[in-house]
Structure formats: structure tokens, C-alpha cells
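> here is the input, now give the coordinates:
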Amino acid sequence: MTEPRRRGRMPAVSDADIRRVALSLLVDQGPDAITLRAIARELGVTAPALYRYYESRDDLVAAVRTDVCALLARDLEAATDGLPDDPGIRFFAICRGFRRWALAHSREFTLVFASPVGVGNASVMQQFGEPVGRIFLGAAGRLLTNYTVVTPPTELIPAELRDDLITFQTDLLRVLSDSGQKFPAEKLDLGVSYVMIQFWARLYGHVTLEVFGNYPIPISHPDVLFDTTLADIGRTIGLVSD
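The predicted structure follows:
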């Protein structure tokens, strides 16, 4: 009669191990590769063993998203190292830093910025309270404090957009209040809200086209195109890109 084999003890894993492997899968294979089964296989445990940390894949993706945002925020902060204390120069440096990061980390960019709203349990407005959102809002706040930003008269803002912009103002002011960010809230009028939305649409749209290779024509010098886009935005709102 043979003795039954003793089962080996399950390797101990930590939340840090899980997130490390999840981030590695994201970088190597993309967002779809982040699954509890794949992570368990990498760590040598069973998938149910991970449920003590995460109830679902969405919860895990949200945690990875948080880690990616922290890494991006670190890069954006470094983008202004050694620069003059000029809000305009620093603002455009952050924009260039965002593009550099997106091009170097396309899969992380896809997870955070090119996934449907709600993936990872993060709404658009919640992003303003996160490290990356705080950096952009802080830079925008310094611009509004130190420059006279050109905004369109209220009557030139399409009437169909005003309710949406008012909602944006209200939500953003609540986020600013909750997070304690320094931002000249008294300057957040309809015109400034309109400019902020248009600016982000142009910046994000440009970066997204470049990251995914969706320019309508071949571009031999994408750096030049990006810089001229920033300069054009700067002129539109009364700033000059360095």
C-alpha cells in the first residue's frame, strides 16, 4: 500500500507580487493579457488564491491603472526638472512629456487613456483627482494665475455646449475642493472651461493618432508637427510655446 503524496504548500504571494506580474503582462502583451488566471500561472498558484486580494478582473485592472498613473505622474514631474519657473514653459514641457511617455508606453497608454470610460472603475472626472490629473490642473492653474488667457466671449460659445460646460465646471470645482488642489477657481468661467476642453481634445487627439499610427498621411518629422500644434494652441489662448 503506497502512502498518499503530500501536497506541497502553496507559494505565498502578496498584493505587490500580483500587481508586479499584472504590470509586466500589460507591458509585454497589452491590456487583454491581464487576467487572474495568467497571473496565477506566473506566480505558481491557483487563480482562486488571488481572490483574497481582488474580487474580479476589473478590480485588478483598476489597481494596475493606478500604478501606471503613478509612473506617468513621476515622468511628468521630471519633465520640468531644471526648467525656468515660468508657467508657460513648464506647461508645454508637461505636454511634451505626456507625448514622450505615451509613445514609449503605448500599452499602458491604451489601458489608461484609450479604454472605454469605466474600465478599471475610473470615471473621467475621477481622473482629475489622480496624480496625472493633478499635475495638468496644477499647471493650468499656474497659467491662469500668471497669464491672461484668451477665451471666447460667452456669446460665441455654441449654446448647445453650455449646459455640458456648466456641468464640467461644477464637477471640476467639486474635485478641486475635495483634493485641496491650488487652482484659481474664480477664473473657471464658461470661456476657460471651453478652452480647457478644446485644449485637451487637441492634445489627446494628436497623441492618440501618433501612438496608434493613425495619421492620415505619412509624417517624416512628427516632433515638428507636435511642436507646431502646441505653438498654435499657445497662440490661440495668448501664450507662446518655447
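> check contacts around L161.
Neighbouring residues of L161 by Cβ atoms under 8 Å, 6 or more residues apart in numbering: Y194. Bear in mind the C-beta positions are built from the backbone N, C-alpha and C, glycine included.
> what is the least confident helix or strand in the protein?
Scoring the helices and strands of the chain by mean pLDDT, DSSP states H and E places helix 124-127 at the bottom, with a mean of 58.
> quick one: name whatever helix or strand follows that one.
Later in the chain than helix 124-127, the nearest helix or strand by DSSP states H and E is helix 131-146.
> any buried residues in that next one, and which?
For helix 131-146, a neighbour-count test (16 or more other Cβ atoms under 10 Å) marks 131-144 as buried.
> what mean pLDDT does it have?
For helix 131-146, the mean pLDDT works out to 90.
> report all helices and strands that that helix contacts.
Counting contacts by 3 or more Cβ pairs under 8 Å, 6 or more residues apart in numbering; DSSP states H and E, helix 131-146 packs against helix 57-78, helix 87-104, helix 159-179.
> deepest of these, which one?
The highest mean neighbour count among these, using mean count of other Cβ atoms under 10 Å, belongs to helix 87-104: a mean of 19.
> one step back: reformat the buried residues of helix 131-146 as a markdown table; add distance to V112.
Formatted as a markdown table, the buried residues of helix 131-146 follow (distance: Cβ to Cβ, whole Å):
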| residue | distance to V112 |
| --- | --- |
| P131 | 11 |
| V132 | 8 |
| G133 | 11 |
| R134 | 15 |
| I135 | 14 |
| F136 | 13 |
| L137 | 17 |
| G138 | 19 |
| A139 | 18 |
| A140 | 19 |
| G141 | 22 |
| R142 | 24 |
| L143 | 24 |
| L144 | 26 |
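> of those, which pair is most distant in space?
Greatest spacing in the buried residues of helix 131-146, by Cβ to Cβ: P131 and L144 (20.5 Å).
> which one among the buried residues of helix 131-146 gets closest to R65?
Using Cβ to Cβ, V132 is the member of these that sits closest to R65, with 10.7 Å.
> just checking, the closest one touches A73?
Yes - at 5.2 Å, V132 and A73 qualify as touching, with contact defined as Cβ atoms under 8 Å.
> and the protein, what are its domains?
The chain breaks down into these domains under automatic domain parsing: 9-55, 58-236.
> neighbours of T80, how many?
Neighbour count of T80, defined by other Cβ atoms under 10 Å: 17.
> can you give me phi and psi for it?
Dihedral pair for T80: phi -100, psi 0, per degrees, to the nearest 10.
> just checking, it touches I94?
Yes - look at T80 against I94 with Cβ under 8 Å: they come within range, at 6.6 Å.
> what touches both of those two?
Residues touching both T80 and I94 by Cβ under 8 Å, 6+ apart: none at all.
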